[in-house]
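Engineer: quick one, what's the 3D model for this:
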Amino acid sequence: MKIDVVGIRLVKEREIDYDKPIKKPIDTVNFVLEEMQDLDREMCMTLNLDANNCVLNAHIVSVGGLDSITLYIWLKSIGINVPGISVSGVEDKSIQKVHKALGIEIVKSYKTKVDVLNNIGFPVISKRIAGKIQLLQNPTDKNKTVRHAIITGECGELGHFAKNSRMKLPQKWLNLFGGYENENEGVNYNKPDFKVSNDCCYYLKEKPCDDWAKEHNSHAYLGMMASEGGQREEALVEHGCNYYGKTTIRSAPFAIFLRQDILKLALEMNQWYLEHIDIFEQLYMQQPYSRNKEGKIIPYEPLKTIIPEIYGVIEKEPDAQCVDLEYILKKDHTDSID
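Structural biologist: Numbers count the residues shown, from 1 in each chain. Now for the predicted structure:
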């Protein structure tokens, strides 16, 4: 088994005044909404609880960016001069800074994160799990068989009447979210008092980028890898690196990459960027953000590194025992935990 080595130091940033115990999913929702509703980027938060279910600390992590940044520069380096677009507003500010220095076009989300959470639903657990819960919350005659499969694992004709299929929601999530079918299935599960949906990324990222692609008659290069697991792995295993579907055409050159491959290539592309800054300065000058409100040019500021600050730095381990552990991501802070 190949394992990436990641060194991270936790830093105490601030204190949150919150003394309510976390006993139900809605308690977590209330905590997260109160703390994160005004943030300027997509975030993941991990809560650590004590024996009384009170929050000990919260670990906040930004996501997204490095794989696509590496892909974009790599395409330039081999002579494929495709435009880069990003819904950067949902990313960390350090990622936004890199995007602008690379001359990437900024596309706006169709909804704010608060609007999505309040009116569309919370993307709990994963896209697959959230999608199944969303079906349970929105019953129709057409999805009756699917809802039955989600609760019991028993499929209809289209599922070849399989028993204990993967359609069944894992028991721990049935206990928390399966209560919408209590009367129909003779079960006694709980149900949340908030909406659940897997459409978060659709409104924040996917639809804006898809519409841009249609408007410009373009098809996407994506930085996703099968090694990331989940739906990305399933899609890449089923359709391969290059996919030509009825409604989707895309290329994923990094499909077979492991994390080590990305880290190594990111270092190589960082050097390529430093040797070809003039290319990206020209791209920067073509974007609206290169001008201020008065229309005057905002001077281009070259990056010291294409690795966004949120990731830390990529270092080559001097004493690596094997090539698979040769490169590591390190987040180095001078601050310490109180």
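
Engineer: residue boundaries of the strands in the stretch 101-250 of the chain?
Structural biologist: For the stretch 101-250 of the chain, applying DSSP state E, counting those that start in this stretch gives strands covering 105-106, 220-221, 242-244, 249-251.

Engineer: mind putting those in CSV, mean neighbour count and distance to Asp199 included?
Structural biologist: Glycine gets a C-beta too; all of them are placed from N, C-alpha and C. Below are the strands of the stretch 101-250 of the chain laid out as CSV (neighbours: other C-beta atoms under 10 Å; distance: least, C-beta to C-beta, whole Å):
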stretch, mean neighbour count, distance to Asp199
strand 105-106, 16, 22
strand 220-221, 16, 19
strand 242-244, 13, 22
strand 249-251, 16, 20
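
Engineer: tabulate those strands (a markdown table), appending distance to His99 and mean pLDDT.
Structural biologist: Below are these laid out as a markdown table (distance: least, C-beta to C-beta, whole Å; pLDDT from 0 to 100):
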| stretch | distance to His99 | mean pLDDT |
| --- | --- | --- |
| strand 105-106 | 7 | 90 |
| strand 220-221 | 15 | 86 |
| strand 242-244 | 25 | 85 |
| strand 249-251 | 20 | 85 |
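
Engineer: of these, give the one that comes closest to Leu75.
Structural biologist: Minimum separation from Leu75 across the strands of the stretch 101-250 of the chain (C-beta to C-beta) falls at strand 220-221, 6.3 Å.

Engineer: the nearest residue to Lys207 once chain neighbours are set aside and Gly240: what is the separation?
Structural biologist: Of all residues not flanking Lys207 in the chain, Tyr110 sits nearest, at 5.8 Å (C-beta to C-beta, 6 or more residues apart in numbering). Tyr110 is 30 Å from Gly240, where distance means C-beta to C-beta, to the nearest Å.

Engineer: repeat for Asp92
Structural biologist: Applying C-beta to C-beta, the value for Asp92 to Gly240 is 31 Å.

Engineer: who has more neighbours out of these two?
Structural biologist: Counted by other C-beta atoms under 10 Å, Asp92 and Gly240 do not tie: Asp92 has more neighbours, with 23 against 14.

Engineer: surely that one touches His99?
Structural biologist: No: checked against C-beta atoms under 8 Å, the pair Asp92 and His99 is beyond contact range at 10.6 Å.

Engineer: OK, contacts around the residue nearest to Lys207?
Structural biologist: Taking C-beta atoms under 8 Å, 6 or more residues apart in numbering, we find Tyr110 in contact with Tyr203, Leu204, Lys207, Pro208.

Engineer: for the first one, give me the pLDDT.
Structural biologist: pLDDT for Tyr203: 87.

Engineer: quick one: residues contacting it.
Structural biologist: Residues near Tyr203 by C-beta under 8 Å, 6+ apart: Ser109, Tyr110, Lys111, Val116, Ile120.

Engineer: next one: it relative to Ala235, how far apart?
Structural biologist: Here Tyr203 is placed at a distance of 20 Å from Ala235 (C-beta to C-beta).

Engineer: cool, the third one as well?
Structural biologist: Taking C-beta to C-beta as the measure, Lys207 and Ala235 are separated by 18 Å.

Engineer: next, Asn85: phi, psi?
Structural biologist: You called it Asn, but residue 85 is Ile. phi -130, psi 150 (degrees, to the nearest 10).

Engineer: could you check the pLDDT of it?
Structural biologist: Ile85 is given a pLDDT of 87.

Engineer: number of nearby residues for the residue nearest to Gly84 when sequence neighbours are not counted?
Structural biologist: Among residues not flanking Gly84 along the chain, Ile104 sits closest, at 4.0 Å (C-beta to C-beta, 6+ apart). Ile104: 23 surrounding residues under other C-beta under 10 Å.
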